[in-house]
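1. I would like the atomic coordinates for the input below:
(one chain, ligands or ions: 1)
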Amino acid sequence: MVDEKKVKEAITLLLEGIGEDVNREGLKDTPDRIARMYKEILAGNDDDAAVHLSKCFHADNNEIVLEKDIVFYSMCEHHMMPFFGKAHIAYIPDGKVVGLSKLARTVEVFARRLQIQEQMTAQIADAIMEELKPQGVMVVLEAEHLCMTMRGVKKPGSKTVTMIARGAFESDSGLKNMFFQMLNCGKETSGDCV
Ligand code: ZN
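-> Reported below is the predicted structural model:
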């Protein structure tokens, strides 16, 4: 839960700390603005993936399901700077599936917190394993971290890619290959991907 009063005080102090005049026109409402912004971008702390994923339904078809290019924005907990990119989630149902929007919701739940990309990847996979009990799940996140690209350590636009495989995906390299084939489907010019 974001304590708006505390955040406002802290931002005022931070502005003073970096040598700003907190009373100048442009900064007058900044502490208040940031407090309200944090409420929104850290809302995942008060949300629960289980609530979204519990809205599943029965399915006889247990073929692999892939939802790719789910755009997310998160905050690195080491620098409190944004990292953002795309999530790709595949799972093999075991009689239960969820609406595709629920996978995007699950990503949001874990993105809207102070995060580490590796941890976020695992949390998404574990929540899906726990709630949906599929045969397997695979999560890939690719993201640009402003704490790296803005500070000149790496080139702007460079991406960090993290991957977690659970269940059948963990043990079966054929399934992993299928995942990457499906992920790249559409990126190829020939268009004859399977
Ligand atoms: Zn960072």
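2. got the contact list for the residue found closest to Phe57 once you drop the neighbours it is linked to in the chain?
-> Once flanking residues are discounted, Phe57 sits nearest to Val97: 6.3 Å by CB to CB, 6 or more residues apart in numbering. No exception for glycine: its C-beta is placed from N, CA and C like everyone else's. With contact taken as CB atoms under 8 Å, 6 or more residues apart in numbering, Val97 is in contact with Cys56, Phe57, Ala59, Val65, Leu132.
3. Wait, a helix at Val97?
-> No. Assessed with DSSP: H, G, I helix; E, B strand; the rest coil, Val97 is strand; it does not lie in a helix.
4. still on that earlier bit, most neighbours among the contacts of Val97, which one is it?
-> In terms of neighbour count, Leu132 stands highest of the contacts of Val97 at 21 neighbours, by other CB atoms under 10 Å.
5. How about the contacts made by that residue?
-> Applying CB under 8 Å, 6+ apart to Leu132 gives the contacts Leu53, Cys56, Tyr91, Pro93, Lys96, Val97, Val98.
6. distance of the most centrally placed residue in the chain from the ion?
-> Taking CA atoms, centre = their mean, the centroid of the chain lies closest to Ala111, which sits 4.0 Å from it. Using CB to the ion, to the nearest Å, we find Ala111 at a distance of 15 Å from the ion.
7. What of Ser171?
-> Distance, Ser171 to the ion, using CB to the ion: 33 Å.
8. what comes up buried for the longest helix along the chain?
-> When the chain is parsed with DSSP state H, its longest helix is helix 117-132. For helix 117-132, the neighbour count (16 or more other CB atoms under 10 Å) marks 117, 120-129, 131-132 as buried.
9. Show the low-confidence segments of the chain, by residue range.
-> Applying pLDDT under 70 to the chain flags residues 152-154, 186-194.
10. Show me which residues of it sit near the ion.
-> Where the chain comes near the ion, counting by CB under 5 Å from the ion, the residues are Cys76, His78, His79, Cys147.
11. On the three-state scheme, the third one is what?
-> With three-state DSSP as the basis, the three-state label of His79 is coil.
12. what's the distance between the residue nearest to Phe57 and Asp69?
-> 19 Å (CB to CB, to the nearest Å).
13. before we move on, what about Met129?
-> Distance check for Met129 against Asp69: by CB to CB, it reads 22 Å.
14. do the same with Gly44
-> Distance of Gly44 to Asp69, computed by CB to CB: 20 Å.
15. So which of these two has more stuff around it?
-> The residue with more neighbours, out of Gly44 and Asp69, is Gly44; 20 against 11, by other CB under 10 Å.
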